[in-house]
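Peer 1: Got a sequence here, can you model it:
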Amino acid sequence: MPEVNVQKSAVIRAGLDRVYASVRSFRDWVHWFPWLAVEPEVERHFLADHGGFAWEGAVAGEGRVEVLEEDGPRSLRLRWTWLKPGKWQGDLGFKFRDLGGNQGVEVIWSITGGLPFGRIREPERVANLLGRDAGLGLRLLQICAAEGGAKWRLETPGRVLFPGGRYVGLKREVPEGEDPDDAAAAFGEVTAWLESRKTAALGPRTLLWSGGDGGKGGREVIAAFQVGSGTLKGKLPPGLVSIDVPGGKAELVRLIGPPACLPLARASVRARVEALGLERRLSLDLLQVEEKRADGAPVTAVYLPVK
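Peer 2: Numbering: from 1, shown residues only. So this is what the prediction gives:
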């Protein structure tokens, strides 16, 4: 049977013991293991000898992880069994290399296993999807290990009504799973144009994400503000675009924490829509709206329009 082999690596600015413990402590996996982190309230059951754990959730599905080989703090090999949705089994390998000189620890994460049923003819796509999610996991693990724990949380209000409206903004192409590095500059350009017309935005900074293949390549993003219809009289300058976002139902996940964790919020809202069997409105993938809280904590609401 064809196999999939994926390997990702990252450097974490923390001591070897702390980095290793972040992976070896299964109670921490709900924060950084991407297939669990999408559902923070997932039910987990831990083996008494710390040899593994199992989980069951409405979004994260059902599965278990068991220790196969351990050579702490240098390496760890695990058996990963997915029971629902679908069935799949593979190995997770982690290697830890202390770079010395306060440079941190290199973590090499490998995933190997047979192709899932129904995906035998799609090895490249499966590898891309696993690689994307493993990359997200390493990004979250970097934050957890470097800062001594998860410095974010997800709120999952569920389906809400999104008012919609007219937006004006700048398009950007960004790699899958990442945020546009120049989003702040793009918002600044749009703000400058609005000020030149003596017009104020009607809402906060918003990223409008188009659809994409979900496995490789990039997505088109518009850094935009909601505006009144009269603002767009006449021709827009080069680079600026307008888009009418229809109101309606949307699944909402809210991130309270650093923008570096936004890929998790996007993954969570997509996973919830899929798990609930909701039909998406494909004209627009996501709306990512910056919010304000009284305590000053960074908050971003991620909406996925559904029918």
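
Peer 1: how much space is there between the closest residue to residue 279 other than its chain neighbours and residue 159?
Peer 2: In space, and not counting its chain neighbours, residue 279 is closest to residue 307: 4.4 Å by C-beta to C-beta, 6 or more residues apart in numbering. All C-beta spots, glycine's among them, are computed from the backbone N, C-alpha and C. Computed as C-beta to C-beta, to the nearest Å, the residue 307 to residue 159 distance reads 11 Å.

Peer 1: joint contacts of the two?
Peer 2: Common contact partners of residue 307 and residue 159 (C-beta atoms under 8 Å, 6 or more residues apart in numbering): 249, 278.

Peer 1: Quick check on the two: which one has the bigger neighbour count.
Peer 2: Using other C-beta atoms under 10 Å as the criterion, residue 307 and residue 159 rank with residue 159 on top: 15 against 9.

Peer 1: ok, now which ones touch the more buried one?
Peer 2: 249, 250, 251, 252, 278, 306.

Peer 1: List just the nearest of those to residue 202.
Peer 2: residue 250 (18.2 Å; C-beta to C-beta).

Peer 1: you'd agree the closest one is up against residue 163?
Peer 2: No: judged on C-beta atoms under 8 Å, residue 250 makes no contact with residue 163 at a distance of 10.1 Å.

Peer 1: Among the two, which residue is more densely surrounded?
Peer 2: residue 250 (25 against 10).

Peer 1: How about the secondary structure of the more buried one?
Peer 2: Three-state call for residue 250 (DSSP: H, G, I helix; E, B strand; the rest coil): strand.

Peer 1: Tell me who's in contact with residue 137.
Peer 2: Residue 137 touches 32, 33, 34, 37, 109, counting by C-beta under 8 Å, 6+ apart.

Peer 1: Mind checking which of the residues you listed land in strands?
Peer 2: residue 109 (DSSP state E).

Peer 1: how about the contacts of residue 137, which pair is most distant?
Peer 2: Most distant of these, by C-beta to C-beta, are 37 and 109, 14.7 Å apart.

Peer 1: Looking at these two, which is more packed in?
Peer 2: The neighbour count for residue 37 versus residue 109, taken as other C-beta under 10 Å, is higher for residue 37 (25 against 20).

Peer 1: wait, that one sits on residue 263?
Peer 2: No: with contact defined as C-beta under 8 Å, residue 37 does not count as touching residue 263 (10.3 Å).

Peer 1: Closest one to residue 85 out of the contacts of residue 137, please.
Peer 2: Using C-beta to C-beta, the contacts of residue 137 come closest to residue 85 at residue 34, 15.8 Å.

Peer 1: I figured the closest one was touching residue 267, is that so?
Peer 2: Yes: with contact defined as C-beta under 8 Å, residue 34 counts as touching residue 267 (6.4 Å).

Peer 1: tell me, what's touching these two both at once?
Peer 2: 133, 136.

Peer 1: For burial, what's the neighbour tally of residue 293?
Peer 2: 9.

Peer 1: Same question for residue 236.
Peer 2: 11.

Peer 1: pretty sure residue 105 contacts residue 96?
Peer 2: Yes: using C-beta under 8 Å, residue 105 is in contact with residue 96, at 5.6 Å.

Peer 1: which residues are common contacts for the two?
Peer 2: Contacts common to residue 105 and residue 96, judged by C-beta under 8 Å, 6+ apart, are 16, 19.

Peer 1: if we take the contacts of residue 137, which one ends up nearest to residue 235?
Peer 2: residue 34 (43.7 Å).

Peer 1: Quick check: that closest one vs residue 102, distance?
Peer 2: Counting by C-beta to C-beta - residue 34 and residue 102 are separated by 28 Å.

Peer 1: measure stretch 23-32 end to end?
Peer 2: 9 Å (C-alpha to C-alpha, to the nearest Å).

Peer 1: what is the rounded mean pLDDT of that stretch?
Peer 2: In this model, stretch 23-32 has a mean pLDDT of 94.

Peer 1: buried set for stretch 185-202?
Peer 2: Going by neighbour count (16 or more other C-beta atoms under 10 Å), the buried part of stretch 185-202 is 186, 187, 189, 190, 193, 194, 199, 201.

Peer 1: wait, is the fifth one part of a strand?
Peer 2: No: residue state for residue 193 (three-state DSSP) corresponds to helix; a strand is not indicated.

Peer 1: That one: what's it in contact with?
Peer 2: Contacts of residue 193 (C-beta under 8 Å, 6+ apart): 168, 237, 240.

Peer 1: ditto for residue 252
Peer 2: 156, 157, 158, 159, 160, 269, 301, 302, 303.

Peer 1: so how far is residue 268 from it?
Peer 2: For residue 252, the distance to residue 268 - C-beta to C-beta - is 10 Å.
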